[in-house]
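[1] no FASTA, just this:
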DNA sequence: GGAAGAGTGTGCAGTTACTGCATATTTCTT
DNA sequence: AAGAAATATGCAGTAACTGCACACTCTTCC
C-alpha cells in the first residue's frame, strides 16, 4: 500500500499542469483568444483529458467546484444562535468557495485573468446559481432548527429563497471586490464591510417605507426596437 | 411612403414565426432537446436568419433584450425624492425588463418553458449582469443628483455597486416568483412584497450586529476531490 | 511476483451553437 | 424605373463539448 499513492500524485500533477498552462495562456493572450486545443497542446494532454478534468473551458480558470458544504458545516450554520441569517449564510458560502487552494501564485493569476474578463465573473456567479435549490434547503435547516415551521409561516419558503438570492448578489459583489481591492484586506473583513453596506442601503429605505411606486403604471408607451 | 411599412410588418411576422415555433417546440420536447436547426425548419427560415434575429438559442425564449432605459426614465429615477435607492432602482429595472410584450399567450408560454428549464433563469440573470457597469452608472446619476459626491465619500462607488448587485439578486428572485406565483399578482405588488422581505431579513440582523465570524479560520482541513 | 481489477489517458467521430462573408432578393426612396 | 438600403440565405469554418472503445498504468490481493 503506497503511503501517498502514485496515482494521486500523477493526477495532481496533470491537473496542475493543465491549470498552469491555461492560466499562463490566458494571461498572455486573453481568455477569449485562447482555445481549449491551445491549452491541451501547451500542457501536452489530449482534449478529452482536459474535459475529463475540468469539464469546461471556464472550469480551468474558475477552478473545480468544491463539494457542497459538509453536514457539519451546515449543522454549525443551522445552530448559530443569532438572527443574522444573511450574514451567517454568506459566511458559510464564502468558506465554501474561497477557503481552499493554498497556492498563492495560482490564486493571484486567476484574479488577474478574471479581472481582465468580466464575462468570467458572471459565469462564476451563474455556476453558483446552479446550487440554488440546495442552498435554499440549507437555509431551511436553520429555520427548522429555530423552530420556525414551513406550514405555520407560508412566507418562510419565500424568505429562504430571498436569502439565497441576496447572497448570490452579494457574493458577486464580494468576488468583484476581491479582484480590485487591496489584496491585503481579508475576505472576512470584506464580508463584514459588505454587510454594513447592505444595512446602510436598506436602512435608509426603511424609514419612508411607504411610497414605492408613485406612478401606478404609465411607461407603457414605448416604441419597440 | 407606406404608412406602416411593409418591411416592418414582414419583419415582425418572421420574428413572431420563429418565436412561436421555438416556444412550441420547447414546450413539446423541452428546451434542451431541441436544436436551432429544428426551430429553423419549423419556422421556415435559414439558420443564419435565426441568428440575425435572436443572436442565440436562449435569446428566442428569453426575448430580445430591450434597449437600455431612456434618459427620461433614468432622469426620473435620479430625481426621485425618497431615500429608497434600492426600491426605486428595482422599480426601474422591472419596468425596463418586464413591461413590454403585450401578447399574453406568448408571455404565458415563455413562463412555462423557463419554469421547466431552471438553467434558462440563470441565463436570464447572467444576461442582465452584462449591464452591470451601465447600471452602476445609473445609480451614480442619482447620487450626483442628491449632491453626494464620489470624491467626498469614497464608499459611494462601492455603495452603488452593491445596490446593483443586490438588485440582480432580487430580480432573480422576482423572475422566479413570477413563474410559480399566482399570475394574478401584479409585478409591482410582487416587488413590494420582495422589498418587505428584504427588510425583514436585514432588520433582523441589524440588532445583534456584532458577532459575525466566530471561528477565525478553522475549516482548512478538508480533503480535496 | 504476477494476475485480476480499478482508474486514467487518448483517438475518433459526431453534434451543436455560432460567425464572417459573399450574394441574391425584396422593399423603399426619389 | 433606377439606385440605395435592408433583409434573407447558402456556405464554409470554428470551437466547445460528448460518447465510446480501447490502450495503458497503478493497485490489490493471492
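    Arrived safely. Computed from a predicted model, the values in this text were never measured in an experiment. Numbers count the residues shown, from 1 in each chain, chains lettered A, B, ... in the order given.

[2] So what's the gap between the helix or strand bottoming out on mean pLDDT in chain A and the chain middle?
    Least confident helix or strand, chain A: helix A:187-206 with a mean of 84, by mean pLDDT, DSSP states H and E. Helix A:187-206 sits 18 Å away from the centroid of its parent chain (C-alpha atoms, centre = their mean, to the nearest Å).

[3] Then stretch A:88-104?
    9 Å.

[4] Give me the average confidence score over it.
    For stretch A:88-104, mean pLDDT rounds to 86.

[5] From the chain's centroid, how far away is stretch A:10-28?
    Using C-alpha atoms, centre = their mean, the offset of stretch A:10-28 from its chain centre is 22 Å.

[6] Any part of that stretch near DNA strand D?
    Yes. Using C-beta under 7 Å from any atom of the strand, stretch A:10-28 reaches DNA strand D at residue A:10. All C-beta spots, glycine's among them, are computed from the backbone N, C-alpha and C.

[7] Show me what counts as buried in stretch A:10-30.
    Across stretch A:10-30, burial judged by 16 or more other C-beta atoms under 10 Å in any protein chain shown covers A:14, A:15, A:18, A:19, A:20, A:21, A:22, A:23, A:24, A:25, A:26.

[8] and which of the residues you listed is nearest DNA strand C?
    Nearest to DNA strand C out of the buried residues of stretch A:10-30 is residue A:14 (C-beta to the nearest atom of the strand; 4.4 Å).

[9] sec struct for the nearest residue to that closest one once chain neighbours are set aside, please.
    Using C-beta to C-beta, 6 or more residues apart in numbering or on different chains and skipping residues adjacent in sequence, the residue nearest residue A:14 is residue A:45, 6.3 Å away. Assigned by DSSP: H, G, I helix; E, B strand; the rest coil, the conformation of residue A:45 is coil.

[10] tell me the SS of residue A:68?
    Going by three-state DSSP: residue A:68 is coil.

[11] residue ranges for the helices of chain A, please.
    A:6-29, A:36-43, A:47-54, A:57-62, A:71-79, A:85-98, A:104-116, A:118-129, A:132-145, A:156-180, A:187-206 (DSSP state H).

[12] would you list these in TSV and tack on distance to residue B:156?
    Converted to TSV, those look like this (distance: least, C-beta to C-beta, whole Å):
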stretch	distance to residue B:156
helix A:6-29	32
helix A:36-43	41
helix A:47-54	39
helix A:57-62	30
helix A:71-79	33
helix A:85-98	22
helix A:104-116	22
helix A:118-129	21
helix A:132-145	31
helix A:156-180	14
helix A:187-206	11
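
[13] who wins for proximity to residue B:54 among those helices?
    helix A:118-129 (19.4 Å; C-beta to C-beta).

[14] near DNA strand C at all, that closest one?
    No. Against DNA strand C, helix A:118-129 shows no contacts by C-beta under 7 Å from any atom of the strand, the least distance being 12.6 Å.

[15] What are the buried residues along that helix?
    A:120, A:121, A:122, A:123, A:124, A:125, A:126, A:127, A:128, A:129.

[16] can you list the residues that contact that helix?
    Residues from elsewhere that reach helix A:118-129, judged by C-beta atoms under 8 Å, 6 or more residues apart in numbering or on different chains: A:31-32, A:58, A:61-62, A:65, A:93, A:97, A:113-114, A:168, A:171-172, A:175-176, A:179, B:122-123, B:125-126, B:129-130, B:132, B:172.

[17] List buried residues within the residues you listed.
    Buried among the contacts of helix A:118-129 (16+ other C-beta under 10 Å): A:31, A:58, A:61-62, A:93, A:97, A:113-114, A:168, A:171-172, A:175-176, A:179, B:122-123, B:125-126, B:129, B:132, B:172.

[18] rewinding a little: so which elements touch the least confident helix or strand of chain A?
    Applying 3 or more C-beta pairs under 8 Å, 6 or more residues apart in numbering or on different chains; DSSP states H and E, one finds that helix A:187-206 contacts helix A:85-98, helix A:156-180, helix B:85-98, helix B:156-180, helix B:187-206.

[19] At the contact with DNA strand C, which residues of chain A appear?
    Looking at DNA strand C, the residues of chain A close enough under C-beta under 7 Å from any atom of the strand are A:7, A:10, A:11, A:14, A:44, A:45, A:46, A:47, A:48, A:49, A:52, A:53.

[20] now stretch A:168-186: how far from the chain's centre is it?
    11 Å.

[21] can that stretch be found next to chain B?
    Yes. Stretch A:168-186 is in contact with chain B by C-beta under 8 Å from any C-beta of the partner chain, via A:168, A:169, A:170, A:172, A:173, A:176, A:177.

[22] Poorly predicted segments of chain A, please.
    Low-confidence segments of chain A, defined by pLDDT under 70: A:1-3, A:181-184, A:204-225.

[23] Please render the residues of stretch A:168-186 next to chain B as a markdown table that adds distance to residue A:109 to the earlier fields.
    Output for these, formatted as a markdown table (distance: C-beta to C-beta, whole Å):
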| residue | distance to residue A:109 |
| --- | --- |
| A:168 | 25 |
| A:169 | 27 |
| A:170 | 25 |
| A:172 | 21 |
| A:173 | 22 |
| A:176 | 17 |
| A:177 | 18 |
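
[24] and which of the residues you listed is nearest residue B:145?
    residue A:173 (23.3 Å).

[25] Quick check: the closest one vs DNA strand C, distance?
    Distance, residue A:173 to DNA strand C, by C-beta to the nearest atom of the strand, to the nearest Å: 27 Å.

[26] so who does that residue touch?
    Residues in contact with residue A:173, defined by C-beta under 8 Å, 6+ apart, are A:194, B:161, B:162, B:165, B:166.

[27] wait, what's in contact with the closest residue to the second one other than its chain neighbours?
    With sequence-adjacent residues excluded and distances taken as C-beta to C-beta, 6+ apart, residue B:161 is closest to residue B:136, at 5.5 Å. For residue B:136, the contacting residues are B:160, B:161, B:164, taking C-beta under 8 Å, 6+ apart as the criterion.

[28] most surrounded residue in those?
    residue B:164 (27 neighbours; other C-beta atoms under 10 Å in any protein chain shown).

[29] Surely it is in contact with residue B:139?
    Yes. In this structure, residue B:164 is within contact of residue B:139 by C-beta atoms under 8 Å, at 6.3 Å.

[30] Please enumerate the shared neighbours of the two.
    By C-beta under 8 Å, 6+ apart, the residues touching both residue B:164 and residue B:139 are residue B:89.
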